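> could you work out the structure for the sequence below:
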Amino acid sequence: MRLFISVLLILSFPALFAQKYTDKTIKQSCDCMSKVDSKLDVKIIEEKVSKCVEDAILANFEQLMKENDLDMLDEKASDKLGETIAVKLVSKCPKFLEFVQKFPDEESTTEKEVEYEFAEGEISNVTTSDYIIISLKESSGDTRLFYLVEYFVGAEKITDNLSSLKNKKVKIGYISKKLFNKEINNFTERKAIVAFEFWN
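Numbers count the residues shown, from 1 in each chain. Sure, this is the predicted structure:
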């Protein structure tokens, strides 16, 4: 989505954040976004939200640099941190998620608005078939299956080392999606992963 990409570009600027100050930056960004009127023009909202994130970064710039020991020339390190912040904005800032859902790309304006849901728990199993399937045991004791069916920002956290995911506590953002089930030769509704982060 355009707004998501716009913020992600800011977050990918070489010299960003880490754990403690990442959370602080997220909070400051979200507090600022909460003051943005959702009735404003799309471009104005995009500018204001982007400025919220940019100002939060600048406010914590020195601490973030020291905490992460960032190399200004290491683009991969800053990109990964940028992805982490973008994902956390989706999962921890309802106002940002509201804007992302309300103002999609021009290419997808005809698509139905998508509602994201979130689940937290411990990964009990990971299997691969046509898709990567994560079994998540939630605090209620229930275990639900989540399917990785397409790329999203942060998907590499799943695919980079599948064998290390078991017993990790995570937060998963997902949507309901009908996927083809070759065993029954029909489509079955599944929980498709659209956001993923490790959770303390």
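> spatially central, which residue of this structure would that be?
V87 (2.3 Å; C-alpha atoms, centre = their mean).
> ok, that residue to G141 distance?
To G141, V87 is 27 Å away according to C-beta to C-beta, to the nearest Å. Where C-beta positions appear, they are placed from N, C-alpha and C, glycine not excepted.
> with W199 instead?
17 Å.
> what about V87, distance to D41?
27 Å.
> same check on K27?
27 Å.
> go on, Y174?
31 Å.
> quick one: which of the two has more around it?
Set Y174 next to D41 and count neighbours by other C-beta atoms under 10 Å: Y174 wins out with 20 against 8.
> mind checking pLDDT for that one?
Listed pLDDT for Y174 reads 94.
> thought it was touching L136?
No - with contact defined as C-beta atoms under 8 Å, Y174 does not count as touching L136 (9.8 Å).
> between the two, which contacts overlap?
Residues touching both Y174 and L136 (C-beta atoms under 8 Å, 6 or more residues apart in numbering) are A119, F146.
> got the domain boundaries for the chain?
2-108, 117-198 (automatic domain parsing).
> what's the most buried one of these?
Among those, domain 2-108 has the highest mean neighbour count (mean count of other C-beta atoms under 10 Å), at a mean of 17.
> helices along this structure, start to end?
Taking DSSP state H as the test, the helices found in the chain are 2-11, 19-33, 42-59, 61-68, 75-92, 94-102, 156-159.
> ignoring the adjacent residues along the chain, who's closest to G121?
Excluding its sequence neighbours, the residue lying closest to G121 (C-beta to C-beta, 6 or more residues apart in numbering) is E138, at 4.0 Å.
> show me the contacts for the spatially closest residue to L148 that is not a sequence neighbour.
Spatial nearest neighbour of L148, excluding adjacent residues (C-beta to C-beta, 6+ apart): I132 at 4.0 Å. I132 is in contact with V126, Y147, L148, I158, T159, L162, counting by C-beta under 8 Å, 6+ apart.
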